[in-house]
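Undergrad: How does the following fold in three dimensions:
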Amino acid sequence: MRRNRKAKIVATLGPASSSAETLRALFDAGADVFRLNFSHGTHESHKALYDTIRAIESDTGHPIGVMVDLQGPKVRIGEFAHGPITLNIGDLFRFDLDNTPGDKHRVQLPHEAVFQALKVGQDLLIDDGKVRLQVVSCGSDHAETVVTVGGDLRDHKGVNVPGVELAISALTEKDREDLAFGLELGADWVAQSFVQRPEDVAELRELIGDRASIIVKLEQPSALYLLEEIVELSDAIMVARGDLGVELPPEQVPGAQKHIIQVCRKAGKPVVVATHMLDSMVHTPVPTRAEASDVATAVYDGADAVMLSAESASGDYPVQSVKMMNQIIAQVERDPYYRNILEAVQPESQDTVGDAVCSALRQVTRVLSTTVIVTYTSSGYTALRAARQRPKAPILSLTPAIGVARKLAMAWGIHAVQVDVSGADTDVTHVLNEASKIAVEQRFAKCGDNIAIAAGLPFGQSGSTNLLHINKIGD
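TA: Presented below is the predicted three-dimensional model:
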């Protein structure tokens, strides 16, 4: 089965979407990749979801990507002795390492790295910025602050230290255990949280090797200063606007999102826009107009995918949320201005044979009204370089590796199919004929249509895209 759109949908799974019936409904509604959020649930519950996803994949014959999202380190306050407290503007409040339950004057902050990084005048944001305090004095084990934005404070609320790089690894012991389990499951993507520097990605890469692809969640402003280096080390990027929107002033987030998308497009790496996309659909059957516009903006900007979080994981309308996102994407892609925008921000091709072929593919689809681009790829390289060009025609990617097909489920415009290409290196004519046959079978072309075929010779050699062939179905 094919999707009649190019931008993809990532759906987070949770209590509202744990049954086999709901999972199948989410897929039928348009979900291309399912996210298993390891901040919640157990290994047993995640395995049950994974097994159900693979059963749907087997039943439909459509590769489905699975993303394992590692929790990462969480900077949180301790507990209060007598329940929640209320802080008012001007109140003095202390954070320290003492594990004694807190009161209206102090609470534990069990993270030495935070105190080591603090300076007088630094802001501390609690509970996603609902409560704000400013440091007036600090030491290696404490910080005295004054409340600048008051509110209620409860046990274990999160703490953000905007503009500061903390000496904390992006991988906790829990993350390492979850990673080992996720790789054993067969995850296609591993999402890394709390990335502050390129070294964080390198650390995860050393653990994963080539067993899965890495998608870096951009949540920390410090990562934006090293964006190109982080993108180079990763396989994809997620614009995690929840935490990023706490650390950055709200007015800076839209510009940061657009910049990240353009850097990823230039590098040919998939980019996912996430968090609060259709947030009102957690409890209502329709989104606000602003939310619909938010999803549309990400698609107009050329994002590979948009993601649902609580909407599909714990909301009242998980299937309707996917359907709505599918409808918004389809509407944008029918808009004539959509193509104009993509063409206006087209990244320059690299000085390689592969990019020359893929750039030519984009031109071919415009000049010949080609109905589909067919790529043969063993690693996904050819398909991703073709998708980087954002061609008018959809991309039918043929690969011998089911893992590659699943990985490509998150990339713009790509419909991946696992095929047997054994012996293809000696029979190019057979390969070209098979491409035409599969294009018809997958309902991308019919008799008389032009299709463009890209591959690398010899077949099976990663990164060797050097063949461009135009075929007319029926010739």
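
Undergrad: any idea how far Val33 is from Met307?
TA: To Val33, Met307 is 8 Å away according to Cβ to Cβ, to the nearest Å. In this view, the C-beta of every residue, glycine as well, is placed from N, C-alpha and C.

Undergrad: Return every residue with contacts to both of these two.
TA: Residues touching both Met307 and Val33 by Cβ atoms under 8 Å, 6 or more residues apart in numbering: 9-11.

Undergrad: between those residues, which is closest to Arg334?
TA: Ile9 (16.8 Å; Cβ to Cβ).

Undergrad: which SS state does that closest one fall under?
TA: strand (DSSP: H, G, I helix; E, B strand; the rest coil).

Undergrad: Centre of the chain to stretch 344-358, how far?
TA: 24 Å (Cα atoms, centre = their mean, to the nearest Å).

Undergrad: who's His415 bridged to?
TA: As for beta bridges, His415 partners with Leu396 under DSSP bridges.

Undergrad: wait, it sits on Thr399?
TA: No. Contact between His415 and Thr399 fails when scored by Cβ atoms under 8 Å: they sit 11.4 Å apart.

Undergrad: Mutual contacts of these two, please.
TA: Common neighbours of His415 and Thr399 (Cβ under 8 Å, 6+ apart) do not exist.

Undergrad: And the strands in the stretch 51-200 of the chain?
TA: Assigned by DSSP state E, counting those that start in this stretch, the strands in the stretch 51-200 of the chain fall at 65-69, 85-87, 92-96, 106-108, 123-126, 131-139, 142-149, 151-153, 159-160, 189-192.

Undergrad: any idea of the mean pLDDT in the second one?
TA: The predicted model assigns strand 85-87 a mean pLDDT of 96.

Undergrad: Indicate each strand paired with that strand and its parallel or antiparallel sense.
TA: Strand 85-87 is paired, per DSSP bridges, with strand 151-153 (antiparallel).

Undergrad: now the last one
TA: Under the criterion DSSP bridges, strand 189-192 sits next to strand 65-69 (parallel), strand 213-218 (parallel) in its sheet.

Undergrad: which one of the ones you listed is the most hemmed in?
TA: strand 65-69 (a mean of 26; mean count of other Cβ atoms under 10 Å).

Undergrad: got a list of what the residue lying closest to Lys157 once chain neighbours are set aside touches?
TA: Spatial nearest neighbour of Lys157, excluding adjacent residues (Cβ to Cβ, 6 or more residues apart in numbering): Asp127 at 4.3 Å. For Asp127, the contacting residues are 151, 153-154, 157-158, by Cβ under 8 Å, 6+ apart.

Undergrad: And the residues you listed, which of them are buried?
TA: Neighbour-count burial (16 or more other Cβ atoms under 10 Å) applied to the contacts of Asp127 gives 151, 153, 157.

Undergrad: Closest one of those residues to Lys74?
TA: Lys157 (10.4 Å).

Undergrad: Quick check: pLDDT value at that closest one.
TA: Lys157 is assigned a predicted lDDT (pLDDT) of 93.

Undergrad: The chain should start at 18 in everything you say after this.
TA: Sure thing, new numbering starts at 18, so read that last one as Lys174.

Undergrad: I'd guessed it sits against Ile94; true?
TA: Yes. Taking contacts as Cβ under 8 Å, Lys174 lies within contact range of Ile94: 5.7 Å.

Undergrad: Find residues that contact each of these two.
TA: In contact with both Lys174 and Ile94: Ile143, using Cβ under 8 Å, 6+ apart.

Undergrad: I figured Val421 hits Thr399, correct?
TA: No. At 10.5 Å, Val421 does not count as touching Thr399 under the criterion of Cβ under 8 Å.

Undergrad: Settle it for me: which of the two has more neighbours?
TA: Thr399 (29 against 21; other Cβ atoms under 10 Å).

Undergrad: Where does that one sit: helix, strand or coil?
TA: Thr399 - assigned by three-state DSSP - is helix.

Undergrad: go on, Ala33?
TA: Following three-state DSSP, we place Ala33 in the helix state.

Undergrad: re earlier: closest to Ile487 out of the shared contacts of Met324 and Val50?
TA: Using Cβ to Cβ, these come closest to Ile487 at Ile26, 31.6 Å.

Undergrad: got the contact list for the closest one?
TA: Going by Cβ under 8 Å, 6+ apart, the list of residues near Ile26 reads 47-50, 322-325, 339, 342-343, 346.

Undergrad: Check the gap between it and Leu66 for me.
TA: As judged by Cβ to Cβ, Ile26 and Leu66 stand 17 Å apart.

Undergrad: Please apply the same query to Ile73.
TA: Ile73 is 11 Å from Leu66, by Cβ to Cβ.

Undergrad: between the two, which one's more packed in?
TA: Leu66 (21 against 18).

Undergrad: could you give the angle of the host helix or strand of the more buried one to strand 82-86?
TA: Using DSSP states H and E, Leu66 falls within helix 60-77. Orientation check (axes from the mean of the first three to the mean of the last three Cα atoms, to 10 degrees): helix 60-77 against strand 82-86 gives 170 degrees.

Undergrad: Does anything pack onto helix 60-77? Which helices or strands?
TA: With contacts taken as 3 or more Cβ pairs under 8 Å, 6 or more residues apart in numbering; DSSP states H and E, helix 60-77 sits against helix 37-46, strand 50-54, strand 82-86, helix 190-202.

Undergrad: rerun at 10 Å
TA: Packing contacts for helix 60-77, counted by 3 or more Cβ pairs under 10 Å, 6 or more residues apart in numbering; DSSP states H and E, involve strand 25-30, helix 37-46, strand 50-54, strand 82-86, helix 190-202, helix 419-424.

Undergrad: can you list the domain ranges for the protein.
TA: What the record gives for the chain is the domain set 25-89+187-353, 102-177, 370-489, from automatic domain parsing.

Undergrad: So what would you say the end-to-end distance of the longest one is?
TA: Across its full length, domain 25-89+187-353 reaches 19 Å between end residues, using Cα to Cα, to the nearest Å.

Undergrad: Equivalent analysis for the second one, please.
TA: Separation of the first and last residues of domain 102-177 by Cα to Cα is 19 Å.

Undergrad: do the same with stretch 327-345
TA: End to end - Cα to Cα - stretch 327-345 spans 18 Å.

Undergrad: Can you point out the buried residues in it?
TA: Within stretch 327-345, the residues scored as buried using 16+ other Cβ under 10 Å are 327-332, 334-343, 345.

Undergrad: Same question for stretch 417-424.
TA: 417, 420-424.

Undergrad: Quickly name whichever of those is closest to Ala472.
TA: Pro417 (12.3 Å).

Undergrad: What's the per-residue pLDDT of the closest one here?
TA: 91.

Undergrad: wait, doesn't it sit right on Asp437?
TA: Yes. With contact defined as Cβ atoms under 10 Å, Pro417 counts as touching Asp437 (6.4 Å).

Undergrad: picking up where we left off before, kindly reformat the contacts of Ile26 as a markdown table containing distance to Val83 and secondary structure.
TA: Converted to a markdown table, the contacts of Ile26 look like this (distance: Cβ to Cβ, whole Å; DSSP: H, G, I helix; E, B strand; the rest coil):
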| residue | distance to Val83 | secondary structure |
| --- | --- | --- |
| Gly47 | 16 | coil |
| Ala48 | 11 | coil |
| Asp49 | 11 | coil |
| Val50 | 7 | strand |
| Ala322 | 14 | strand |
| Val323 | 18 | strand |
| Met324 | 14 | strand |
| Leu325 | 15 | strand |
| Val339 | 16 | helix |
| Met342 | 19 | helix |
| Asn343 | 19 | helix |
| Ile346 | 21 | helix |
